[in-house]
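K.L.:
next comes the sequence, and after it the predicted model I'd like to discuss.
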Amino acid sequence: MGVLVGLANALSVGLLNVFLKKLTGLNPNFLTWVRVASAAPILAILVTAFSTWAIPPLPYWLIVVFVTLPLEIVLAATGTKAVQLSPLSVISPIAATTSIFLIPVGYLLLGEVPTWFGAAGVLLAVVGSFFLGWRYGENKFHEGLRDLFREPGSHPALFSAFVASVVIAIAKFTFRYAPPLLSAFYITALMAIALTPLLFFQSKSHLRLRTKDLSALAAFSGVGIALHYVGLSLIAAAYYVSIKRLSVVFSVFWGRMFFQERHTIERLIGAALMVAGVVLIALG
């Protein structure tokens, strides 16, 4: 069941990025508000059905309010900016580098030590990143890496991947105070409240022109966040995140289909290698 939920989550994340790119020009923090505000009611229903309502102890709130909440807002904003600045088929696979950052972050925050499988996974992910910038006919892979970092969205995407690794490690720590679904609801609701003032600074006429895309964004975001935490409750987090990272392969196809992005084969190879690296890291 967890595998099926992970695949559905991967599909929803890929489509979410499509509508984030279509909504280029709108404030990234406002788009984050749309995402979390649509997810909070869904999570509330899931907590009622599959978990238990409770008030976590004070340490939980200190971590969530002063660490998790600011990082989640930064993560959503930089991730949105990256998707809007560069081709979807380049930016989305970079999300797989979250697992690379998780090795040192996991060691520092959780005391986790990588195995040989994990090291091999890092190598595959790095090789895959070359293909993201590589063009057919180039003989030197370092040229591909150079082209990748010329993309304006590559730097915020890498920063977003690093922040995501910290958020995941902290989430694992907070699960000792509250179950995943309940924690997801509290964090999502707090983000929605914190970002609500942005509604007063967003052009209402501009929003009316984007109603369909905003509705699709809200739907895929709400479903995606709910699936993420349901999946984490069904199977081990490392395995679930690996399955979810198949979204990068979907994103290569969506980039070609919706935005006529080129060099699909090279980027698909890079995405597949990075996903394989994530799987090895999870197995390690």
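P.N.:
Nice, thanks for sending it over.
K.L.:
just the element for Val3, please.
P.N.:
helix 2-22 (DSSP states H and E).
K.L.:
counting contacts, what elements does that helix pack onto?
P.N.:
helix 69-85, helix 88-94, helix 211-234, helix 237-244, helix 247-259 (3 or more C-beta pairs under 8 Å, 6 or more residues apart in numbering; DSSP states H and E). (C-beta placed from N, C-alpha, C; glycine too.)
K.L.:
which element follows the last one toward the C-terminus?
P.N.:
If I follow you right, that is helix 247-259. helix 264-283.
K.L.:
what about that next one, distance to the chain center?
P.N.:
16 Å (C-alpha atoms, centre = their mean, to the nearest Å).
K.L.:
again, but for stretch 27-45
P.N.:
14 Å.
K.L.:
list the contacts of it.
P.N.:
Stretch 27-45 is contacted by residues 16, 20, 23, 73, 76-78, 80-81, 84, 181, 184-185, 188-189, 191-192, 195-196, 198-199, 201-202, 214, 217-219, 221-226, 229 when judged by C-beta atoms under 8 Å, 6 or more residues apart in numbering.
K.L.:
of the residues you listed, keep whichever come out buried.
P.N.:
16, 20, 23, 73, 76-78, 80-81, 84, 181, 184-185, 188-189, 191-192, 195, 214, 217-219, 221-226, 229 (16 or more other C-beta atoms under 10 Å).
K.L.:
what's the closest non-adjacent residue to His228?
P.N.:
Closest residue to His228 apart from its sequence neighbours, by C-beta to C-beta, 6 or more residues apart in numbering: Asn9 at 5.8 Å.
K.L.:
re earlier: just want the angle from the helix holding Val3 to helix 69-85.
P.N.:
60 degrees (axes from the mean of the first three to the mean of the last three C-alpha atoms, to 10 degrees).
K.L.:
got the buried residues for the following helix or strand past helix 2-22?
P.N.:
Going down the chain from helix 2-22, the next helix or strand is helix 28-50, by DSSP H and E. By neighbour count with 16+ other C-beta under 10 Å, helix 28-50 contains the buried residues 28-40, 42-44, 46-47.
K.L.:
so how far is the helix holding Val3 from its chain's centroid?
P.N.:
That offset, for helix 2-22, works out to 10 Å (C-alpha atoms, centre = their mean).
K.L.:
residues contacting that helix, please?
P.N.:
31, 35, 80, 83-84, 88, 91-92, 213, 216-217, 220-221, 223-224, 227-228, 230-231, 234-235, 239-240, 243-248, 250-251, 254, 258-259.
K.L.:
switch to 6 Å and redo it
P.N.:
80, 83-84, 88, 92, 213, 216-217, 220-221, 223-224, 227-228, 230-231, 234-235, 240, 243-244, 246-247, 250-251, 254, 258 (C-beta atoms under 6 Å, 6 or more residues apart in numbering).
K.L.:
so, low pLDDT: which residues of the stretch 101-250 of the chain?
P.N.:
Applying pLDDT under 70 to the stretch 101-250 of the chain flags the ranges 110, 112-114, 118-119, 122, 125-126, 128-148, 199-210, 232-233, 235-239, 241-242.
K.L.:
still on that earlier bit, can you say which of the contacts of helix 2-22 are buried?
P.N.:
80, 83-84, 88, 92, 213, 216-217, 220-221, 223-224, 227-228, 230-231, 234, 240, 243-244, 246-247, 250-251, 254.
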